[in-house]
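need the 3D shape of this:
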Amino acid sequence: MIDVQKEVQTMEDNRIVVDKDTEEELNLDPEEEKLRNSKVDTKAEQYKCLGTGVTSAVFEGRVVINNCFKSVAVKLFKQPFDNLEGISTDAGFLKMLETTGITPKLFGILQRTSEGNHPGIVQELVQNSITLHQLIVGQPHFITKQKWYNIAYQLAFGLKSINEKGVLINDLNSDNVLVNINTDECRLTFIDMGHASFMHGKRFPMTTEEAIIYSHLAPEMKNGGETSESSEVFALGWMF
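From the prediction side, this is the model:
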């Protein structure tokens, strides 16, 4: 069985400095470009918020590689979800799923410092994209029927690819899928693995009110049952 935690821990030998008044460390994949002497700009006033949710907020940041800026997405976790173990697991799933080509590339983990800065994940910034929810609500005229078919196919194929890796997303919804509207096929990216599990389901205790709000969750989940590939398909159908 693949150790998701170990996927992240193997990056410890490659680190870069993160500049936010104090020094932070970013664990990097050894296969990445030489980032050892690079910096990530994490000053809050320079952040552009890309989206926010219950557990985290995502901002646009920058990495300096060989004196050149590279835009990245910085996912900062809110309390009480800002524990390093959970963040490492989230990052581990991104690393595990990189070969599918449908999740953001992982750069590393931004660790909390003694100054109390939020820990997070530094990952690929998917340019020219909006969420699937925004696309559905907006119904732009340039999204033809054929493009909607392409989107539906990518959703089904993408979920199949992720599940075949032994990963259950457990929170598949239209806010967690990005659509690149500058590509002919409207290329999709699955962006949030914060509730994912490996080779087993998870239970999500919820109130009656929460069960009503989270309409994308399968009935068995709302009744206290474990997630499964069947509940993943339910979420897929909900988006359709």
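
show residues contacting stretch 128-146.
Residues from elsewhere that reach stretch 128-146 (CB atoms under 8 Å, 6 or more residues apart in numbering): 51, 151, 173-182, 186, 188-189, 239. Where C-beta positions appear, they are placed from N, C-alpha and C, glycine not excepted.

redo that, cut-off 6 Å
Applying CB atoms under 6 Å, 6 or more residues apart in numbering, the contact partners of stretch 128-146 are Ser174, Asp175, Val177, Leu178, Val179, Asn180, Asn182.

for ChimeraX, write the selection for the buried entries among these.
Applying 16 or more other CB atoms under 10 Å to the contacts of stretch 128-146 leaves a buried subset, and the ChimeraX line that selects it is:
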select :174,175,177,178,179,180
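
what packs against the helix or strand in which Glu232 is found?
Element membership for Glu232, per DSSP states H and E: helix 229-239. The contact analysis (3 or more CB pairs under 6 Å, 6 or more residues apart in numbering; DSSP states H and E) places helix 229-239 against helix 145-164.

ok and the helix it packs on relative to helix 229-239, angle-wise?
Interaxial angle, helix 145-164 versus helix 229-239 (axes from the mean of the first three to the mean of the last three CA atoms, to 10 degrees): 160 degrees.

which element follows helix 145-164 toward the C-terminus?
Note on helix 145-164: by DSSP H and E, the next helix or strand toward the C-terminus is strand 167-168.

quick one: average pLDDT of the helix or strand following that following strand?
Downstream of strand 167-168, the next assigned helix or strand under DSSP H and E is strand 177-180. The average pLDDT for strand 177-180 rounds to 96.

thinking again about what came up before, adding distance to Pro104, write the contacts of stretch 128-146 out as CSV.
Shown next, in CSV, are these (distance: CB to CB, whole Å):
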residue, distance to Pro104
Ser174, 17
Asp175, 15
Val177, 12
Leu178, 9
Val179, 14
Asn180, 12
Asn182, 17
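
can you give me the helices for this protein?
4-9, 84-97, 132-138, 145-164, 208-213, 219-222, 229-239 (DSSP state H).

buried residues in the second one?
Same thing as helix 84-97. Buried residues in helix 84-97, counted by 16+ other CB under 10 Å: Ile87, Ser88, Thr89, Asp90, Ala91, Gly92, Phe93, Leu94, Lys95, Met96, Leu97.
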